[in-house]
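Peer 1: next come a sequence and a model predicted from it.
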Amino acid sequence: MSEKIGFIGLGAMGGPMAANLARAGFALTVLDLDPAKVARLADLGANTADSPAAAARAADKTIVMVETTAQAEAVVLGADGIASGATEGHTVVCMSTIDPLAARAMHDRLAADGIRFLDAPVSGGTVRAEAGELSIIAGGEDAVFEDCRLAFEAMSANLFHVGGVGQGLAMKLANNLLIQVGTVAVAEAMVLGAKAGLDPETMFEVIRVSTGASFAFETRVPRILSGDFAPGGTVDISYKDMELETGFAKQLGVPLLVSNVAQQVYEMAKGAGYNKEDGAAVVKLYEKLAGIELGPR
């Protein structure tokens with residue numbers, strides 16, 4: 001594979017995604033603040049860079065997979081950022097979950113220098129990232145999307161092009177709203193049933209084949225029952241995503257009543273020290289209030 005790709009951000013999602021690109025034969029140049037994460041990709045044959053600009057200079061496309069809008073803006077437009085190293089025709093692919101309006105602003109700034117931009121957030125969690133089975137939800141020009149297809153196919157099982165720049169992120173926020181609000185509802189339902197004397201394992205077996213079943217239920221309850229809160233996505237990230245969702249809704253004039261309440265649950269979980277645990281850890285708040293435990297803690 002002759003195509004050269006820069007990859008910035010090798011965290012729980014970015015690391016496996018970059019590894020799949022390396023295994024598919026793309027010539028990778030990687031960058032992360034954690035040297036250990038960089039070393040893992042170097043072991044797979046990736047080159048390393050000391051700045052976003054250097055990563056862009058070594059690549060035809062640069063993928064950004066950082067955590068926040070501010071981080072993405074710094075990596076793309078900041079001092080020694082991608083924009084200062086990329087040449088005309090370069091493509092920036094922002095796969096981070098960030099503010100859609102900020103993504104559109106980045107697109108406009110880069111377009112003035114002849115640099116192309118695509119927003120392409122992902123869904124599926126760490127396990128699917130490792131398996132190369134993510135959903136990629138892209139927004140941008142048709143030609144830019146098609147030019148990225150081979151790289152996307154190395155990381156995903158489900159590939160969607162949903163509209164212009166920012167629309168991939170709008171779709172991702174709508175999707176995330178469901179899993180984050182759903183997680184809070186799962187915590188409430190499980191604690192309610194357990195406090196009433198129901199066996200939590202029995203609740204899981206009944207609900208998973210009944211009308212209360214959902215992706216949130218199927219994925220969160222096994223973690224809750226086993227006491228496994230190792231992060232697939234942290235409480236911090238869930239809170240950050242909900243801040244994007246509620247903020248975007250305000251800009252559009254859309255009321256999000258349940259979402260705003262659910263976000264406060266994540267904020268309480270952050271305050272309780274669960275911020276680096278999996279989002280399912282919000283159940284611990286309800287357990288403490290109800291005076292029960294659903295699994296080992």
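Peer 2: Sure thing, it's come through. Numbering: from 1, shown residues only.
Peer 1: use CA for all of it now, contacts and neighbours both
Peer 2: OK.
Peer 1: which residue ranges form the helices in the stretch 151-297 of the chain?
Peer 2: Remark: helices assigned in the stretch 151-297 of the chain by DSSP state H, counting those that start in this stretch are 167-195, 200-207, 215-226, 235-252, 257-271, 283-290.
Peer 1: quick check: buried residues in the longest one?
Peer 2: Read that as helix 167-195. Neighbour counts over helix 167-195 (16 or more other Cα atoms under 10 Å) mark 167-173, 176-177, 179-184, 186-192, 194-195 as buried.
Peer 1: check stretch 115-131 too.
Peer 2: Residues 115-126, 128-130 are the ones in stretch 115-131 that count as buried (16+ other Cα under 10 Å).
Peer 1: now, those residues that are in strands?
Peer 2: Here DSSP state E is the test, and those give 116-119, 122-123 as lying in strands.
Peer 1: just those residues now: which is nearest residue 43?
Peer 2: residue 122 (24.8 Å; Cα to Cα).
Peer 1: for the closest one, give me the pLDDT.
Peer 2: You'll see residue 122 listed with a pLDDT of 96.
Peer 1: tell me the contacts of it?
Peer 2: 95-97, 134-137, 172 (Cα atoms under 8 Å, 6 or more residues apart in numbering).
Peer 1: which of those are buried?
Peer 2: When the contacts of residue 122 are checked for burial by 16+ other Cα under 10 Å, the buried set is 95-97, 134-137, 172.
Peer 1: once you drop chain neighbours, what's closest to residue 242?
Peer 2: Spatial nearest neighbour of residue 242, chain neighbours left out: residue 263 (6.1 Å); criterion: Cα to Cα, 6 or more residues apart in numbering.
Peer 1: which residues are in contact with the one you found?
Peer 2: Residue 263 neighbours (Cα under 8 Å, 6+ apart): 239, 242-243.
Peer 1: next, format those as a markdown table and append distance to residue 249, pLDDT and neighbour count.
Peer 2: Listed next are the contacts of residue 263 as a markdown table, based on distance: Cα to Cα, whole Å; pLDDT from 0 to 100; neighbours: other Cα atoms under 10 Å:
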| residue | distance to residue 249 | pLDDT | neighbour count |
| --- | --- | --- | --- |
| 239 | 15 | 96 | 22 |
| 242 | 10 | 97 | 23 |
| 243 | 10 | 96 | 16 |
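Peer 1: picking that back up, same list (the helices of the stretch 151-297 of the chain) but as JSON lines, adding distance to residue 78.
Peer 2: Compiled in JSON lines, those are given as follows (distance: least, Cα to Cα, whole Å):
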{"stretch": "helix 167-195", "distance to residue 78": "21"}
{"stretch": "helix 200-207", "distance to residue 78": "48"}
{"stretch": "helix 215-226", "distance to residue 78": "37"}
{"stretch": "helix 235-252", "distance to residue 78": "21"}
{"stretch": "helix 257-271", "distance to residue 78": "29"}
{"stretch": "helix 283-290", "distance to residue 78": "39"}
